[in-house]
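In: Any chance you could fold what I've pasted below:
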Amino acid sequence: MSLYESQSYLDQYLLFHYGNSLEIDSFQIFPESFLNFAERTVTENLDASNERERALDLGCSVGRSCFELSRFCDEVIGIDYSNQFIRAAEKIRVEGSIKFNSLQEGDQFRSHNAIMPEGSRPERISFHTGDALQLPDDIGRFDIIHAANLLCRLSDPEHLLKKLPELLNEGGSLVITTPCTWLGEFTPMENWPEGSTLEWISNNLAEKFVLQNNHDMPFIILEHARKFQVGIAQASVWIRNSR
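Out: Next up is the predicted model:
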């Protein structure tokens, strides 16, 4: 079974996406800039005052970024490879919340409630289980594509990068974040970038996209009450040109 179908990963990612500062960091040792990553990938990289028609969230996980996108996009499609992530996201969309637990230590757990963000537009969102490398032929084109911490979990990430131009409308925005954690269990070594990940992304996108900006985005994932994954994702925002 994939790690992303396990209950422990579901609980971790629900907390990662929807947990507040005290739930994630009870010791209060991390700055606010490390929290709310799935929200910040939208708010720090896209202009919410510029309303768009269609957005695609690839690797949407348990859905927080889709709810953020729904504030200013008429239609949001969220796709993730994990069945249980999509079921959880859909439950939040339909029912407004989902209960889950976080590991404290040993066999001790703390209960939580992941709540749909206030002001989001769930009627604009649809969640689907799917493969970012095998998207439906009739999926259409988008004004925004959001792919947060996805590339280094794909077997052939370059295939997706080469597919993106035909999915994005001219003038559309592409948001990519990645912690550059390349592992053979997800991506064969022959499909890893040669050199830096950002240069590799740029080499694949340069003909059809213009780099608007790139910056670092810290994040934390709670494994248990006294253990955290700390990462610095590399974020880049691209604009589809007319070529």
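In: For the chain, just list every one of the strands.
Out: In the chain, the strands defined using DSSP state E lie at 52-58, 73-80, 97-105, 108-115, 125-129, 142-148, 168-178, 209-224, 227-240.
In: mean confidence score for the first one?
Out: Right, strand 52-58. Averaging the model's pLDDT scores along strand 52-58 yields 98.
In: who does that strand pair up with?
Out: strand 73-80 (parallel), strand 142-148 (parallel) (DSSP bridges).
In: The last one vs strand 168-178, what angle?
Out: Think strand 142-148. Here strand 142-148 runs at an angle of 10 degrees relative to strand 168-178 (axes from the mean of the first three to the mean of the last three C-alpha atoms, to 10 degrees).
In: Geometric centre of the chain: which residue is closest?
Out: Closest residue to the average C-alpha location of the chain: residue 148 at 3.4 Å, with C-alpha atoms, centre = their mean.
In: OK, contacts around that residue?
Out: 37-38, 41, 57, 59, 61, 65, 175-177, 233 (C-beta atoms under 8 Å, 6 or more residues apart in numbering). Where C-beta positions appear, they are placed from N, C-alpha and C, glycine not excepted.
In: ok, and the most crowded of those residues?
Out: In terms of neighbours by other C-beta atoms under 10 Å, these top out with residue 57 at 33 neighbours.
In: Would you mind measuring from it to residue 66?
Out: 5 Å (C-beta to C-beta, to the nearest Å).
In: Now for those two: what residues contact both?
Out: Each of 76, 78 lies in contact with both residue 57 and residue 66 under the rule C-beta under 8 Å, 6+ apart.
In: gap between the residue nearest to the centre of the chain and residue 14?
Out: 16 Å.
In: for the residue nearest to the centre of the chain, which residues make a bridge with it?
Out: Beta-bridge partners, per DSSP bridges, of residue 148: residue 177.
In: Going forward, the N-terminal residue is numbered 16.
Out: Got it, first residue is 16 now, which makes that one residue 163.
In: ok, now how distant is it from residue 43?
Out: In terms of C-beta to C-beta, residue 163 sits 25 Å off from residue 43.
In: close enough to count as contact, residue 126 and residue 116?
Out: Yes. Between residue 126 and residue 116 there is a contact at 5.6 Å, judged by C-beta atoms under 8 Å.
In: between these two, which one's more packed in?
Out: residue 116 (16 against 8).
In: so who does that one touch?
Out: By C-beta under 8 Å, 6+ apart, the contact set of residue 116 is 26, 124-127.
In: can you check residue 112 too?
Out: Counted by C-beta under 8 Å, 6+ apart, residue 112 has contacts 128-131.
In: So in terms of bridging, what pairs with it?
Out: Where residue 112 sits in a bridge, its partners, by DSSP bridges, are residue 130.
In: Dump the strands paired with strand 67-73 to a markdown table, plus mean pLDDT and distance to residue 37.
Out: Shown next, in a markdown table, are these (pLDDT from 0 to 100; distance: least, C-beta to C-beta, whole Å):
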| stretch | mean pLDDT | distance to residue 37 |
| --- | --- | --- |
| strand 88-95 | 99 | 27 |
| strand 157-163 | 99 | 24 |
